[in-house]
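# Attaching a predicted model along with its sequence, questions to come.
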Amino acid sequence: MEIINTIGRRKTSVARIYLQSGSGKITVNKRSIEDYFPSEILRTIVNQPFATVEANGQYDVNVNVRGGGIAGQAEAVRLAISRALIELEGENRSPLKKEGFLTRDPRMVERKKYGRRKARRRFQFSKR
């Protein structure tokens, strides 16, 4: 079977995945998923597309992810896996779309403005 290559993004994280049929082994940046995502919640986020289409343990995934924090990276990997599953099997689209795994979350950190302490927070007012 050929290798399917897709990209997923979230905040400033970019995940490139290579999906191929196998035993369900997920490697993230040349480390196992348990080492890279220590939290069970993050591992669940990564595996959600497989659970949705009932394909647990059928595909090996090799992931290159960079930028952002681990939560954004996990969601970027989820988007990439969802896109790869659609490329593999077109009928996977409707259940993944229904769960919202195909929508690229556009929310980014708002930039800091001058004259403010943060993006919107003003400096503290001092009467005296």
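Thanks, I have the structure now.

# how about residue 74, what does it touch?
By Cβ atoms under 8 Å, 6 or more residues apart in numbering, the contact set of residue 74 is 37, 42, 43, 45, 46. For glycine as for every other residue, the C-beta is placed from the backbone atoms N, C-alpha and C.

# Give me the pLDDT value at the fourth one.
Translated: residue 45. Looking at residue 45, its pLDDT is 95.

# That one and residue 80: what is the separation?
Distance from residue 45 to residue 80, counting by Cβ to Cβ, to the nearest Å: 12 Å.

# Which one's more surrounded, these two?
Under the criterion of other Cβ atoms under 10 Å, the comparison of residue 45 against residue 80 puts residue 80 first, with 29 against 18.

# now the helices for this structure?
Taking DSSP state H, the helices of the chain run over residues 33-36, 40-52, 70-88, 93-99.

# what's the angle between the third one and helix 40-52?
The one in question is helix 70-88. Comparing the axes of helix 70-88 and helix 40-52 via axes from the mean of the first three to the mean of the last three Cα atoms, to 10 degrees yields an angle of 10 degrees.

# Can you list the buried residues in helix 70-88?
Neighbour-count burial for helix 70-88, with 16 or more other Cβ atoms under 10 Å as criterion, is recorded at 71-86, 88.

# Same check on the shortest one?
For helix 33-36, a neighbour-count test (16+ other Cβ under 10 Å) marks 33, 36 as buried.
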